[in-house]
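Asks: sequence and predicted structure are below.
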Amino acid sequence: QVQVVESGGGLVQAGGSLRLSCAASGSIFSINAIGWYRQAPGKQRELVASITSSGTTNYADSVKGRFTVSRDNAADTVYLQMNSLKFEDTAVYYCNANVVLPSSRGTSWSYWGQGTQVTVSS
């Protein structure tokens, strides 16, 4: 069993900052890439940022220069630092972890968290 839990969401004024955390726990051998996604009402879920096990990062154009993704491999935790927040960043933010189980012989499995709400007031 693997659990992925996001935290850190909340209500913030435009221009403010929030830091999201994504913690994976359970029967984990290793974690490959982890991605942060978001879904606004009436819109499709979109990739916001991702980070590989070696630390290579990728960002959506809409958040480049404002968001920073980082990870603590020892703690199986990934962070999303969000600065200069805009109204259009309002969404439920989800974490997706690609986890290698002890028994999976290198195959990774995708696990999603339950999401955390980020609301930016204008």
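Replies: That came through, no problem.

Asks: please name the residues that touch the residue minimising distance to the centre of the chain.
Replies: Ranked by distance to the mean C-alpha position of the chain (C-alpha atoms, centre = their mean), the top residue is residue 36 at 2.9 Å. Contacts here follow C-beta atoms under 8 Å, 6 or more residues apart in numbering; on that basis residue 36 touches 20, 22, 47-50, 69, 78, 80, 93-96. For every residue, glycine as well, the C-beta is placed using N, CA and C.

Asks: doesn't it fall inside a helix?
Replies: No - counting by DSSP: H, G, I helix; E, B strand; the rest coil, residue 36 falls outside a helix, being strand.

Asks: identify the bridge partners of it.
Replies: For residue 36, the beta-bridge partners are residue 49, residue 95 (DSSP bridges).

Asks: again, but for residue 117
Replies: Under DSSP bridges, the beta-bridge partners of residue 117 are residue 92.

Asks: would you confirm that it contacts residue 8?
Replies: No - with contacts counted by C-beta atoms under 8 Å, residue 117 stays clear of residue 8, the gap being 10.5 Å.

Asks: who has more neighbours out of these two?
Replies: When neighbours are counted by other C-beta atoms under 10 Å, residue 117 and residue 8 differ, and residue 8 comes out ahead with 16 against 12.

Asks: can you count the residues close to the residue nearest to the more buried one when sequence neighbours are not counted?
Replies: Excluding its sequence neighbours, the residue lying closest to residue 8 (C-beta to C-beta, 6 or more residues apart in numbering) is residue 20, at 4.2 Å. Residues lying near residue 20 (other C-beta under 10 Å) number 22.

Asks: so how far is residue 88 from residue 20?
Replies: With the distance defined as C-beta to C-beta, to the nearest Å, residue 20 ends up 17 Å from residue 88.
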